[in-house]
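>>> need a 3D model of the sequence below.
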Amino acid sequence: MLMSDIKILVVDDSIVTRETLESYFAAEGYTVSGAETAEEAELRLSEETFDLILLDIRLPGKDGLTLTRELRTRSEVGIILVTGKQDEIDRIIGLECGADEYVSKPFNAREILARGKNLIRRVRKQRELEKKPADEPVLRAIGTWQLDTARRVLIKSDRSESQLTEGECQLLLALKTHEGTALTRDQLMDRIKNRTWNATDRTIDVLIGRIRRKLSEDPLCPQVIVTVHGVGYLLSSVAENSAPEEGVCESL
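Next comes the predicted model:
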């Protein structure tokens with residue numbers, strides 16, 4: 001695979017920021033395009049297939065958070081949010097919407113290139129897997145759901161499905177491997193491949209919230225993924241439809 005075959009789209013209304021990001025990746029040999037608005041980005045995405053999108057949160061017209069949410073419903077393209085330091089809440093919401101990574105202004109060139117390259121590898125690997133003939137599904141029980149690890153989907157008892165992102169699937173598998181044992185956020189983060197983080201990072205909490213919604217869990221009384229206060233999270237071996245004992249529901 002030639003580097004020039006990998007396509008990156010930079011979406012930012014600041015020409016300085018846009019050209020700076022474009023130059024970082026173009027210097028590495030990638031094919032890079034730019035868009036000033038979400039609407040312009042959508043047009044480009046309808047015409048070409050991109051591997052990675054660097055997306056500013058604050059855009060004129062449709063904002064980056066809305067575009068992230070819409071893209072994630074139909075595509076597994078890599079999405080890195082570009083945020084200002086004052087955008088902490090928006091950054092967390094963006095991750096909840098399905099963004100894979102985030103970078104803050106001002107940029108560290110080595111950091112954004114490393115995050116981009118890791119994400120491109122994951123996207124390419126997933127596309128290759130989708131092209132291969134389907135193997136026998138590997139199903140893991142998650143409460144009353146089944147996790148198809150090959151397709152990264154949760155399957156409900158009525159056969160309806162909920163798609164997982166790579167990060168969500170890795171996290172759920174880590175919890176499954178240690179079912180019934182509480183894992184700290186540090187331990188869970190270490191098990192999510194190709195992720196870098198810092199001590200204030202809320203990525204694990206965001207991913208847990210997204211997985212719980214896909215499992216249709218009551219956020220005030222989750223029965224499958226349980227918060228162990230002062231420790232972290234565990235995957236309960238108790239079936240999802242088992243009635244909780246009085247007083248065991250947690251308050252988040």
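
>>> average pLDDT across the lengthiest helix in the chain?
Counting by DSSP state H, the longest helix found in the chain is helix 109-131. Averaged across helix 109-131, the pLDDT comes to 85.

>>> what ranges do the strands span in this structure?
7-11, 31-35, 52-56, 78-83, 101-104, 139-142, 145-148, 153-155, 161-163, 183-184, 225-228, 232-235 (DSSP state E).

>>> returning to what we had before: can you give me the buried ones in the longest helix of the chain?
112, 113, 115, 116, 117, 118, 119, 120, 122, 123 (16 or more other CB atoms under 10 Å). C-beta here means a position set from N, CA and C on the backbone, and glycine is covered the same way.

>>> so which of the strands of the chain is the most packed in?
Mean neighbour count (mean count of other CB atoms under 10 Å) peaks for strand 52-56 among the strands of the chain, with a mean of 26.

>>> so it versus strand 7-11, what angle?
Per axes from the mean of the first three to the mean of the last three CA atoms, to 10 degrees, the angle that strand 52-56 makes with strand 7-11 is 10 degrees.

>>> other residues contacting strand 52-56?
6-14, 17, 21, 41, 64, 67-68, 71, 77-82, 99, 103, 112, 116, 119-120, 123 (CB atoms under 8 Å, 6 or more residues apart in numbering).

>>> how far does it sit from its chain's centre?
Mean-position distance between strand 52-56 and its chain equals 13 Å (CA atoms, centre = their mean, to the nearest Å).

>>> sheet partners, orientation included, of it?
With DSSP bridges as the test, strand 52-56 is paired with strand 7-11 (parallel), strand 78-83 (parallel).

>>> tell me the gap between the first one and the middle of its chain.
Strand 7-11 has its C-alpha centroid displaced from the chain centroid by 18 Å (CA atoms, centre = their mean).

>>> surely residue 17 meets residue 106?
No: judged on CB atoms under 8 Å, residue 17 makes no contact with residue 106 at a distance of 9.7 Å.
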